[in-house]
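[1] show me how the following folds:
(4 chains)
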There are 2 protein chains.
Amino acid sequence: MFDTSKLEKHGIKPSITRLKIYQYLLDNDHPSVDEIYQALKNDLPTLSKTTVYNVLNLFGEKDIVSTISLDSKELRYEMNQDLHSHFQCIKCGEIYDFPYVNVDYDLIHQKGFESLEHNLVIKGICKKCKAQNI
Amino acid sequence: MFDTSKLEKHGIKPSITRLKIYQYLLDNDHPSVDEIYQALKNDLPTLSKTTVYNVLNLFGEKDIVSTISLDSKELRYEMNQDLHSHFQCIKCGEIYDFPYVNVDYDLIHQKGFESLEHNLVIKGICKKCKAQNI
DNA sequence: GTCCTTGCAAAGCGTTTGCACAGAA
DNA sequence: TTCTGTGCAAACGCTTTGCAAGGAC
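    So this is what the prediction gives:
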């Protein structure tokens, strides 16, 4: 059912809780802590939000998830470690991955700054909401 | 001393608190609520953070400030309403404005999405920190 | 007198910390 | 036994809300 090797490869001892959260992250990109908690608490009746935080922070230390803060409210978690951009729908709030966009750092370097990375978030209306004309 | 017309132009009745906060935003870009509060509480001894929030939210409703959430911890406030990008120093946390960078929305539109705007945040080391080699 | 700015106190919400219990090794 | 995964309770930090007092007009 679960592939424990992926976690072990990153130095994480598998447990049912960790495997379920890992699987949830595979199936659902950019979830919030609460979303994960609500989705798994039926399967794991004693699950607590603290444990979700514990596991996600552990995954973060082991570099299998990273966080995105789009609205200053809650963090979102993702496993996609490739360079990419984000699109957030202003209607439904859903987040989508889009290809990386190169940014010309010339001006920044000319001004004596050193640039390491950039985060691009595009806001708009997603395909689903456009279709439903919400 | 203070130019009350800028506030009145936006339908905001001037008060000493509002003028001081307005002036602080003119002089210091991207401050946090706490920074504004700490900076002004000597001048305005009875100032409370609630009032800073009240005033900033009022300014937001009247479209003279907007918020940026870079680190999911605290909001930053800015009056620069022109299109621009942000650079945040990973050493000192300081935020700098940089010219707007165009992004090609073609692929997004091809996929049936409608894009309205984008936020670009570049992370790196600012000129000051590079000089000090912190 | 009425309206509204101000600010204390408390609540709200996402996240972290302290800690203890139980299960794994 | 020792280690560690889990989860309750509390703390924490930022922000909002309730509300009342005092000032502006």
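
[2] quick check: longest strand of chain A.
    As assigned by DSSP state E, the longest strand anywhere in chain A is strand A:114-125.

[3] do any residues in that one lie close to chain B?
    Yes: Strand A:114-125 lies within reach of chain B by CB under 8 Å from any CB of the partner chain, at A:114-125. In short, each C-beta sits where N, CA and C put it, glycine included.

[4] that strand packs against which elements?
    If you count contacts as 3 or more CB pairs under 8 Å, 6 or more residues apart in numbering or on different chains; DSSP states H and E, strand A:114-125 packs onto strand A:84-89, strand B:114-125.

[5] near DNA strand D, which residues of chain A are found?
    Contacts of chain A with DNA strand D, taken as CB under 7 Å from any atom of the strand, map to A:13, A:15-18, A:44, A:46-48, A:50-51, A:54-55, A:72.

[6] name the weakest-confidence residue in these, if you would.
    By pLDDT, A:S72 ranks lowest within the residues of chain A next to DNA strand D, coming in at 76.

[7] host element of it?
    Counting by DSSP states H and E, no helix or strand carries A:S72.

[8] show me what contacts the closest residue to it other than its chain neighbours?
    Leaving out its chain neighbours, the residue that sits closest to A:S72 by CB to CB, 6 or more residues apart in numbering or on different chains is B:S69, at 3.1 Å. Going by CB atoms under 8 Å, 6 or more residues apart in numbering or on different chains, B:S69 touches A:69-72, B:75-76.

[9] any idea how far B:S69 lies from B:K91?
    Distance of B:S69 to B:K91, computed by CB to CB, to the nearest Å: 20 Å.

[10] which residues of chain A fall in helices?
    Ranges of helices in chain A, per DSSP state H, are A:5-9, A:16-27, A:33-40, A:49-61, A:106-110, A:127-132.

[11] now do the end-to-end distance for stretch A:79-92.
    22 Å (CA to CA, to the nearest Å).

[12] nearest to B:F98, out of the helices of chain A?
    helix A:106-110 (6.3 Å; CB to CB).

[13] reformat the residues of strand A:114-125 next to chain B as a markdown table; add distance to B:E35, pLDDT and neighbour count.
    Below are the residues of strand A:114-125 next to chain B laid out as a markdown table (distance: CB to CB, whole Å; pLDDT from 0 to 100; neighbours: other CB atoms under 10 Å in any protein chain shown):
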| residue | distance to B:E35 | pLDDT | neighbour count |
| --- | --- | --- | --- |
| A:E114 | 25 | 97 | 16 |
| A:S115 | 25 | 96 | 17 |
| A:L116 | 25 | 95 | 10 |
| A:E117 | 26 | 93 | 11 |
| A:H118 | 25 | 95 | 22 |
| A:N119 | 23 | 95 | 17 |
| A:L120 | 27 | 96 | 20 |
| A:V121 | 24 | 96 | 17 |
| A:I122 | 29 | 96 | 21 |
| A:K123 | 27 | 94 | 15 |
| A:G124 | 32 | 95 | 21 |
| A:I125 | 35 | 95 | 19 |
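
[14] if I look at the residue of chain A most remote from its centre, how far off is B:C89?
    Here chain A reaches farthest from its C-alpha mean at A:Q110, the gap being 33.4 Å by CA atoms, centre = their mean. Remark: distance between A:Q110 and B:C89 (CB to CB) = 17 Å.

[15] domains for chain A, by residue range?
    A:5-78, A:84-132 (automatic domain parsing).
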